[in-house]
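[1] Provided below are the primary sequence and the corresponding predicted coordinates.
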Amino acid sequence: MLELMNLSKRYKQFYAVKNMNMYIEKGEIVGLLGPNGAGKSTAISMLSTLIDPTEGDVFFKKKSVLKNPTPLRKVTGVVPQEIALYQDLTAEENLYFFGRIYQMSGSNLKQKIDEVLKLIGLADRRKDVVKKFSGGMRRRLNIGVALLHDPEFLIMDEPTVGIDPQSRNYILETVKRLNEEKGLTILYTSHYMEEVEYLCDRIYIMDRGNLIAVGTKDEIKEILSSEHTIYIEAEILNKTFIKALDDEPTIKELVTKNETVTIIVPKEINVFQLITKLASEAKVELKSVNVKTPTLEDVFLHLTGRALRD
Ligand code: ADP
Ligand code: MG
């Protein structure tokens, strides 16, 4: 349905997005995963025709979007990263205002507003002004705005950042339902790998303007098939131990967090013996050493040497 071909955005000498290739089939939920600054919003802005690419093009149903953005715009709903709502208007008034911008009116608009309010769980708050809403409710209303004109394709830019867990779950469930029940095609952007793992059929992982992995969850995790991710828990970690692990040539990647260390090692290494030895030399008391099922986070660590959540 949609194809991004060699899409780049350059600001002076700096590529915010470089040579991006991506396709989205009708009915899919595609995930775009990457840390802050990866280039996700820039890619989305080009895809939703808000900014022009420096190079490359987007093709919608095989036709150039640069040449004619209208067909894609008509069927696309965009949930921007920054909330765009009028604080002094009620939920209903906001929807009415944006509906008018989409050139909707009369009973059709009224009916759509009712439907959307129900969908985002704000039907009973329709008469309240937005400034009284919690962060999660604003997010939900922001999503509602993008759904008013019955889009076929929904782009969501980090829709769950900075909100309470309940609203977050509500949003994730709503996204899933929209896809399953209405067949909505969705591009879901996030820096939370567990969201993307939960929602998406196919995943693109992005870092510093480049796509660094593409595939289904299983295909991406297959990148780690010849390696183990090991999770080490200690009573108290010390620098000697961390340094010993870091200096150990068979250990490929290492991330520490509180009193735990995550490392990636080739499968053939007898890692338990090695860790026990290094711990005892550094006088570190181990609580546990476990092999983890790899997550997308581990794949990211493997590919970049950094944790996804900095
Ligand atoms: P993400 O959404 O993944 O956090 P962005 O697409 O917002 O990342 O940003 C990618 C990179 O491009 C960042 O380093 C950001 O500072 C830079 N960038 C984004 N927009 C502009 C702009 N208008 N001018 C210059 N640099 C920009
Ligand atoms: Mg962004």
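    That came through, no problem. Ligands and ions are numbered 1, 2, ... in the order given.

[2] List of residues touching the lengthiest helix in the chain?
    Using DSSP state H, we find that the single longest helix of the chain is helix 165-182. By Cβ atoms under 8 Å, 6 or more residues apart in numbering, the list of residues contacting helix 165-182 from outside reads 27, 29, 119-121, 134-137, 139-140, 143, 147, 154, 156, 159-160, 163, 184-186, 188, 195, 198-199. Yep, even glycine has a C-beta here, placed from its N, CA and C like the rest.

[3] Go through those and flag which are in strands.
    Counted as lying in strands by DSSP state E, out of these, are I29, L154, M156, T185, I186, Y188.

[4] For the fifth one, give me its contacts.
    In other words, I186. E28, I29, V30, F153, L154, I155, M156, V175, L178, N179, L199.

[5] Identify the farthest-apart pair in these.
    F153 and L199 (15.4 Å; Cβ to Cβ).

[6] burial measure for I51, as a count.
    A count of nearby residues for I51, using other Cβ atoms under 10 Å, gives 14.

[7] and what of K131?
    11.

[8] ok, whichever residue of the stretch 1-150 of the chain sits closest to ligand 2 - how many residues close by?
    As assessed by Cβ to the ion, ligand 2 sits closest to S41 within the stretch 1-150 of the chain, at 3.1 Å. Applying other Cβ under 10 Å, we find 21 other residues in the vicinity of S41.

[9] Go ahead and confirm it touches Q81.
    Yes. Counting by Cβ atoms under 8 Å, S41 touches Q81, with 5.5 Å between them.

[10] what sits in contact with each of those two?
    Shared contacts of S41 and Q81, counting by Cβ under 8 Å, 6+ apart, come down to D157, E158.

[11] care to break the chain down by domain?
    Using automatic domain parsing, the domain parsing of the chain gives 2-220, 226-293.

[12] And those domains: which comes nearest H302?
    H302 lies closest to domain 226-293 among the domains of the chain, at 5.5 Å (Cβ to Cβ).

[13] Let me see the mean pLDDT of the closest one.
    Average pLDDT, domain 226-293: 92.

[14] so how far is it off the chain centroid?
    Relative to its parent chain, domain 226-293 has a centroid offset of 29 Å by Cα atoms, centre = their mean, to the nearest Å.

[15] quick one: terminal-to-terminal distance for that domain?
    With Cα to Cα, to the nearest Å as the measure, domain 226-293 spans 13 Å from end to end.

[16] and if you look at stretch 102-111?
    End to end - Cα to Cα - stretch 102-111 spans 15 Å.

[17] buried set for it?
    Within stretch 102-111, the residues scored as buried using 16 or more other Cβ atoms under 10 Å are Y102, M104, L109.

[18] Tell me the one of these nearest ligand 1?
    Nearest to ligand 1 among these: Y102, at 25.2 Å, using Cβ to the nearest ligand atom.

[19] residues contacting the residue nearest to the closest one when sequence neighbours are not counted?
    Leaving aside its chain neighbours, Y102 sits nearest to H149 (4.3 Å; criterion: Cβ to Cβ, 6 or more residues apart in numbering). Residues near H149 by Cβ under 8 Å, 6+ apart: G77, G99, Y102, M104, K112.

[20] Alright, calling it a day.
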